[in-house]
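J.: Take a look and give me a structure for this.
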Amino acid sequence: MNISQYLDSTYLKTPEQSGLSNEETLKKVYELTQEAIDNSIYAVMIRPDYVSNVRKFIQEKHSKVVLGTVISFHEGTKPINEKLKEATKAIEDGADELDFVINYTAYLNGEDVKNEFLQCTQLCLKSHKVAKWIIEIAALTDTQIADLTSKISTWATENFTEKDLSNIYVKSSTGFFQTTGGKPSGATFEGIKIMLDNAGKLPVKAAGGVRTPEDAERMINLGVKRIGTSSALSLMKNQINSSNSSQY
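T.: The predicted structure follows:
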């Protein structure tokens, strides 16, 4: 199995989080993008601040690497108008795919998050972009994972065409959620299985916690269409090494 075409190679730390300058962060983002180009990794996923620069970089390299970014990351609590503004700028700057953090805090409080899903998804689709919706499964119970995934699937099916559905993903995690008691903060096989069982015709993206090629292959065999990871190149190298070792 060639996992490279399933991978979104991510660098999503802000300069403040990493202790780097903005220039140093941009350098790391360029390096990530070059790695993706050199190794046929499907996509890079970066902060909105760097989309314009990386779009130019990809064009200069005559590459087909997909450029993704995150919206309302990582809390998801921005009002709809701010999410739309951030997404509009990202699209104008050259993003191909936009990973929105749904306001799962509002959902947990019993508030309706359908409107933000519809407006932001519509913005992406009319611009011929892919919309992915991060539900942050570490913040949810199994029942809530099933319910929110099912709601997103229903909203998508009822409001967009069948052709559109392949461009509307449900995604597990930001990778930045702080858990307690050693609970995983990203994708788990159990959580992904629940999402797949409730996503209907929507593709599912596993993000956070996929650290070995065996885990990646298992996720793909379960049915995920994309995997978000900050260790994309390492996953690929380990897969090649494992494959070579098995031949002797």
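J.: Just the pLDDT for residue 184.
T.: Among the per-residue scores, residue 184 shows a pLDDT of 88.
J.: Flag the shaky bits of this protein, pLDDT-wise.
T.: For the chain, the stretches with pLDDT under 70 are 240-248.
J.: where along it do the helices fall?
T.: 15-18, 22-38, 51-60, 80-93, 104-108, 114-126, 142-159, 162-165, 189-198, 213-222, 232-245 (DSSP state H).
J.: nearest to residue 204, of the ones you listed?
T.: Put simply, out of the helices of the chain the one that sits nearest residue 204 is helix 189-198, at 5.1 Å, with distance taken as Cβ to Cβ. Quick note: C-beta positions are derived from backbone N, CA and C, even for glycine.
J.: quick one: the closest one to helix 213-222, angle?
T.: 20 degrees (axes from the mean of the first three to the mean of the last three Cα atoms, to 10 degrees).
J.: now the angle from helix 189-198 to helix 142-159?
T.: 30 degrees.
J.: mind listing what's buried in helix 189-198?
T.: Neighbour counts using 16 or more other Cβ atoms under 10 Å place 191, 192, 194, 195, 196, 198 of helix 189-198 among the buried residues.
J.: would you put the C-alpha positions of it in PDB?
T.: Written as PDB, here are the backbone C-alpha positions of helix 189-198 (Å, rounded to 0.1, in the frame of the first residue of the first chain):
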ATOM      1  CA  PHE A 189      -9.400   3.400  15.800                       C
ATOM      2  CA  GLU A 190     -12.600   3.300  18.000                       C
ATOM      3  CA  GLY A 191     -13.400   6.900  17.300                       C
ATOM      4  CA  ILE A 192     -12.800   6.700  13.600                       C
ATOM      5  CA  LYS A 193     -14.900   3.600  13.400                       C
ATOM      6  CA  ILE A 194     -17.800   5.500  14.900                       C
ATOM      7  CA  MET A 195     -17.300   8.300  12.500                       C
ATOM      8  CA  LEU A 196     -17.200   6.000   9.500                       C
ATOM      9  CA  ASP A 197     -20.400   4.300  10.700                       C
ATOM     10  CA  ASN A 198     -22.200   7.600  10.800                       C
END
